[in-house]
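**Q** Build me a structure from this.
(chains A, B, C and D)
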Number of protein chains: 2
Amino acid sequence: MSLRHALLGLLSERPASGYDLLKRFETSLANVWPATQSQMYGELTKLAAAGLISVSAEGPRGRKEYTLTDEGLAELRHWLTETKPQRNTRSDILLRVFFLGVLPPEQASAYLTGLMELSEQEYEDLRALEQSIDWGEDTLSVHGRIALEYGLRFNAMRRDWARWAAAQLG
Amino acid sequence: MSLRHALLGLLSERPASGYDLLKRFETSLANVWPATQSQMYGELTKLAAAGLISVSAEGPRGRKEYTLTDEGLAELRHWLTETKPQRNTRSDILLRVFFLGVLPPEQASAYLTGLMELSEQEYEDLRALEQSIDWGEDTLSVHGRIALEYGLRFNAMRRDWARWAAAQLG
DNA sequence: TTCCGCATGTAAAATGTTACATGATTTC
DNA sequence: GAAATCATGTAACATTTTACATGCGGAA
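**A** Prediction:
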């Protein structure tokens, strides 16, 4: 149930509408916790009903601005400190590796080279994202940068691994 | 819909019952694609109904041994070559990093040190798994070893990153 | 004969995806 | 006035998790 906490986390910075949160997801959290528009509006309604956030202002076109309540902040802190992060596994990419044996060798190699290229590409995309963001000294910037560094290191690691793996098969 | 393909993949090696597959998951695929017992039995029934696998033998206690059909193998190959792997994101661990700012500094640091230790631990667990497996020259062994190497590199990367991140905050 | 492991299944709830549906406001 | 963007929502479906439910066979 982490979408809940992702929303609480974003609202801990400043109040926002569902639409605002949707936009902020795209450039930050989408990389670690994708969510659809449907899901977000639904979850916001539930969070408001549970008293973890509240409608603090209404604007044009039915816009509803949500603000984190004290209960919401407490829940966010509780989640961060008292609950264990579950290891994230489920990787379609890696699952496929197990079964490369059913393909002719050249297709198996092609898959791994594809992963190398994918990793290079994602690395470059993250670099571009890094450049495009106006990093400040605020907490989101500091932690966002740390998460981004993770992405860079991850893709570098994966590229090297895919190269090594392709060599193993060859 | 990859559980489907995970099962087809395992059956491509050799026929097995739901229970067998459950056991095999635990020591291999569970790391990249966790699935519960409920889910597996349900999926096997659907796969059989779709003709991608068939019951090739029945044993004591209602045991049903499934064998991959030609259609199943074709579907597995199709999945591997014609469909793009979706990038696996959704990381609870990384999501939390974004919001460490709501915690007092020592708790934020503690989280990162915890990640370092977790990564060390998982690295050791994978090493132990590596030792415990009787690696052969079969295709599962070759590809399983490649996936395992990924896990080792991943955890080493994450440990270093967490150390770096803790230093950033301090 | 009692326990452990083998063996399969169903039901309910939570979560996530895709598609549809609607309409207001701003900008060109 | 048209197009883009802002803005929210519902419905159907697929997937995943958790819990319950049952019973056989082998070994000590």
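**Q** so how many other residues sit close to residue A:78?
**A** Around residue A:78 there are 11 other residues, counting by other CB atoms under 10 Å in any protein chain shown. Quick note: C-beta positions are derived from backbone N, CA and C, even for glycine.
**Q** how close does it get to chain B?
**A** Distance of residue A:78 to chain B, given as CB to the nearest CB, to the nearest Å: 11 Å.
**Q** Am I right that that residue is in a strand?
**A** No. Judged by DSSP: H, G, I helix; E, B strand; the rest coil, residue A:78 forms no part of a strand; its state is helix.
**Q** how near is it to residue A:72?
**A** Here residue A:78 is placed at a distance of 10 Å from residue A:72 (CB to CB, to the nearest Å).
**Q** shared neighbours, the two?
**A** Counting by CB atoms under 8 Å, 6 or more residues apart in numbering or on different chains, residue A:78 and residue A:72 have no contacts in common.
**Q** mind giving me the domain split of chain A?
**A** Taking automatic domain parsing as the domain assignment, the ranges for chain A are A:2-82, A:92-169.
**Q** What residues does chain A have near DNA strand D?
**A** Residues of chain A lying close to DNA strand D by CB under 7 Å from any atom of the strand are A:17-20, A:22-23, A:37-38, A:41-42, A:44-45, A:59-64, A:90.
**Q** Could you pick out the longest helix of chain A?
**A** Counting by DSSP state H, the longest helix found in chain A is helix A:139-169.
**Q** Now do the contacts for the closest residue to residue A:147 other than its chain neighbours.
**A** Using CB to CB, 6 or more residues apart in numbering or on different chains and skipping the chain neighbours, the partner closest in space to residue A:147 is residue B:97 (5.1 Å). Residue B:97 makes contact with A:143, A:146, A:147, A:150, B:111, B:165 under the criterion CB under 8 Å, 6+ apart.
**Q** Mind doing that once more with 7 Å?
**A** By CB atoms under 7 Å, 6 or more residues apart in numbering or on different chains, the contact set of residue B:97 is A:143, A:146, A:147.
**Q** same deal with residue A:104?
**A** Per CB under 7 Å, 6+ apart, neighbours of residue A:104: none.
**Q** now do residue A:83
**A** Neighbours of residue A:83 in contact, by CB under 7 Å, 6+ apart: none.
**Q** The closest residue to residue A:144 other than its chain neighbours: neighbouring residues, count only.
**A** Among residues not flanking residue A:144 along the chain, residue A:28 sits closest, at 6.0 Å (CB to CB, 6+ apart). By the criterion of other CB under 10 Å, residue A:28 has 20 neighbours.
**Q** returning to that earlier point: can you list the domains of chain A in CSV and add mean pLDDT and distance to residue B:82?
**A** Shown next, in CSV, are the domains of chain A (pLDDT from 0 to 100; distance: least, CB to CB, whole Å):
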stretch, mean pLDDT, distance to residue B:82
domain A:2-82, 95, 23
domain A:92-169, 94, 11
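**Q** Okay, helices next: where are they in chain A?
**A** A:2-13, A:18-27, A:37-49, A:70-82, A:92-98, A:105-132, A:139-169.
**Q** looking at those, which is closest to DNA strand C?
**A** Closest of those to DNA strand C is helix A:37-49, at 3.2 Å (criterion: CB to the nearest atom of the strand).
**Q** From the centroid of chain A, which residue is nearest?
**A** Residue closest to the average C-alpha location in chain A (CA atoms, centre = their mean): residue A:32, at 1.8 Å.
**Q** got the contact list for that residue?
**A** Applying CB under 7 Å, 6+ apart to residue A:32 gives the contacts A:147, B:89, B:90, B:91, B:94, B:95.
**Q** swap the cut-off to 10 Å and go again
**A** Shown in contact with residue A:32 (CB atoms under 10 Å, 6 or more residues apart in numbering or on different chains): A:2, A:6, A:88, A:147, A:150-151, B:89-98.
**Q** do the same with residue A:163
**A** Applying CB under 10 Å, 6+ apart, we find residue A:163 in contact with A:112, A:113, A:115, A:116, A:119.
**Q** could you check the distance from it over to residue A:150?
**A** From residue A:163 over to residue A:150 (counting by CB to CB), the distance is 21 Å.
**Q** That's all I had, so thanks and see you.
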